[in-house]
Structures are given as structure tokens and as C-alpha cells.
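>>> sequence? don't have it. structure:
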């Protein structure tokens with residue numbers, strides 16, 4: 001009888017733990033930025049809050065960008081349940097040379113252990129304009 005009660009208690013504990021385990025839930029403060037007109041050669045920085053609305057830690061596996069003109073870092077790379085992190089984005093509008101003008105679009109990707117959104121994306125646009133010469 002004691003053995004059966006012990007097995008039932010262990011199974012019940014495992015079931016409660018599995019049900020209460022939950023999952024991470026990544027949330028971005030914004031998913032789109034519009035930098036407007038940017039003079040070619042200007043370097044812009046912007047920070048976005050990345051929060052975890054789940055009840056398990058988010059573990060960011062990587063942060064990547066679609067172009068070498070853009071860098072992004074996430075600090076910290078592990079976000080506790082209910083916590084937040086800072087996604088720091090830097091864009092060098094002159095990275096493609098002084099003659100580049102016009103509308104551009106770039107993306108930043110955060111790959112994480114969020115099962116519903118394993119890859120979160122931020123997109124930004126800018127209109128590159130020529131530097132005026134005196």
C-alpha cells in the first residue's frame with residue numbers, strides 16, 4: 001500500500017511540475033523603426049526593450065542582421081521570466097559608400113528558445129540622402 005501511495009505521489013508531482021513548467025514568451029517593444037531621412041555617413045543607434053512575458057527564461061541563441069551596415073547586441077542573452085533585456089542596434093548609413101541614396105530596409109533577428117516564436121524580427125527603414133557640400 002505504501003509503495004502504491006508513493007508511486008501515485010511521484011506521478012502527481014511530475015504532472016504538476018510538467019503543467020506548471022510553462023514556456024518563455026518573447027515580446028519586442030516594437031518590430032518596426034522608421035529612421036526617416038538620414039545623411040549618408042551618419043551613424044544611428046537605437047535601443048529596443050525585449051521582454052519575457054512567459055514563466056521560463058528566454059535563452060537567445062543568436063542575434064543577426066541582414067547587412068554588414070547594421071550591428072545588434074542583446075544584453076543579457078538570457079532573460080528571466082518577467083524580465084527584460086536591451087537590444088542595441090547601430091546602423092552606419094555610409095557603409096555602402098558616399099554615393100548610396102534612397103530608401104533602404106534592414107532586419108535584425110533574435111533566435112531563441114521561445115517555442116511559439118523561435119525567431120523574432122525587428123525591421124527598420126531609412127531614406128539615405130546625400131551629404132550637402134558647402
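Sure, I can see it. In this text the structure is predicted, and so the values were computed from the model without any measurement.
>>> Would you map the strands across the chain?
Per DSSP state E, the chain carries strands over the ranges 26-28, 32-39, 43-52, 58-65, 70-75, 78-79, 84-92, 102-112, 119-129.
>>> Let's have the ones you listed in CSV, adding mean pLDDT and mean neighbour count.
(Each C-beta comes from the backbone N, C-alpha and C, glycine too.) Below are the strands of the chain laid out as CSV (pLDDT from 0 to 100; neighbours: other CB atoms under 10 Å):
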stretch, mean pLDDT, mean neighbour count
strand 26-28, 98, 18
strand 32-39, 98, 13
strand 43-52, 98, 16
strand 58-65, 98, 17
strand 70-75, 98, 16
strand 78-79, 98, 19
strand 84-92, 98, 18
strand 102-112, 98, 17
strand 119-129, 98, 17
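>>> tell me how far the ends of stretch 89-105 are from each other?
Start to finish, the residues bounding stretch 89-105 are 14 Å apart (CA to CA, to the nearest Å).
>>> same check, this time on stretch 70-82
Taking CA to CA, stretch 70-82 runs 29 Å from one end to the other.
>>> How about residues contacting it?
Contact with stretch 70-82 is made by 22, 24, 26, 50-60, 63-65, 85-92, 106, 108, 110, as judged by CB atoms under 8 Å, 6 or more residues apart in numbering.
>>> Can you tell me which residue sits nearest the middle of the protein?
Residue closest to the mean C-alpha point of the chain, counted by CA atoms, centre = their mean, is residue 110 at 4.1 Å.
>>> That's all I had, so thanks and see you.
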